[in-house]
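>>> Show me the folded form of this:
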Amino acid sequence: MKLPLVDLATEARTLRGQLLPAITRTLRKADFILGEEVALFEGDFARFCKSRFAVSVANGTDALTIALLSCGIAAGDEVITTASTFVGTVSAIARIGAIPVLVDIRPDTYTLDVSQLKRRIRKKTRAIIPVHLYGQSAEMGPLLQIGRSYGLKVIEDACQAHGSTYKKKAGLPTEALAKVGESRAENWHRRSRHHLALVLPSRRNFLRPRRIALVPAGRG
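Predicted coordinates for the structure are as follows:
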């Protein structure tokens, strides 16, 4: 028996009754970029995650890129992440000119092995991106303690763990906010998620000027 890697057709059939009305409303309004349906989705998704805010972007790679930029990560900085993850996690780090530093995984959960974390922290280390994988949470308790001790940002990649919990606390998916350590790293307490909810929407179109610049002007 062959099992497909991804079966979006079955999922679409299951959700057809919910998807078609939303698509029809969008077509009727020609409201294709952001707009009312996106705002409704963000509200629903925030409630699903038990969060006050959700900011939608094009994909998880953009979410992580914007989160890194919002945390002040710049070219030449080092960002620690797991060696077992989708390429988008590492490409988001490289995309802004930062340097990915890989840490091996735990064999029982396939998430970042916290026991190996401290030895990978160096002078240029600025952030840690743990990845919640297959619905399993990384060890956020000790991860956040290390983040506080070394003054590092903690950005959680929850692309494959929507709705999962850590010690009965709901995880906030990266698709929504690229969860910045749920604002628990020490220097994010005062800035709060409210600050991030204001900053991130202004950054979600940060690639648009570059895309426009690549459009051929033609000859005439």
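>>> contacts and neighbour counts: CA atoms only from here.
Fine.
>>> Please work out the average pLDDT along stretch 109-122.
Average pLDDT, stretch 109-122: 94.
>>> in that stretch, what's buried?
Of the residues in stretch 109-122, 109-114, 117, 121 count as buried by neighbour count, 16 or more other Cα atoms under 10 Å.
>>> Could you dump the residues you listed into TSV with distance to Ala46 and secondary structure added?
Shown next, in TSV, are the buried residues of stretch 109-122 (distance: Cα to Cα, whole Å; DSSP: H, G, I helix; E, B strand; the rest coil):
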residue	distance to Ala46	secondary structure
Thr109	26	coil
Tyr110	27	coil
Thr111	24	coil
Leu112	26	strand
Asp113	29	coil
Val114	28	helix
Leu117	31	coil
Ile121	33	coil
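>>> how about the residues you listed, which pair is most distant?
Farthest-apart pair in the buried residues of stretch 109-122 is Thr109 and Ile121; separation 22.3 Å (Cα to Cα).
>>> Can you show me the strands along the chain?
Here the chain has its strands, by DSSP state E, at 78-82, 99-103, 125-129, 153-154, 165-166, 169-170.
>>> Give me the domain ranges for this structure.
Following automatic domain parsing, the chain resolves into domains at 14-48, 60-203.
>>> Quickly compare those and say which is most buried.
Counting by mean count of other Cα atoms under 10 Å, domain 60-203 has the highest mean neighbour count of the domains of the chain, with a mean of 19.
>>> still on that earlier bit, okay, the strands of the chain in TSV with distance to Phe48 next?
Formatted as TSV, the strands of the chain follow (distance: least, Cα to Cα, whole Å):
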stretch	distance to Phe48
strand 78-82	26
strand 99-103	31
strand 125-129	23
strand 153-154	22
strand 165-166	12
strand 169-170	9
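>>> With mean pLDDT and distance to Gln18 as extra columns, can I get those in CSV?
Below are those laid out as CSV (pLDDT from 0 to 100; distance: least, Cα to Cα, whole Å):
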stretch, mean pLDDT, distance to Gln18
strand 78-82, 96, 36
strand 99-103, 96, 40
strand 125-129, 96, 34
strand 153-154, 92, 35
strand 165-166, 76, 26
strand 169-170, 52, 25
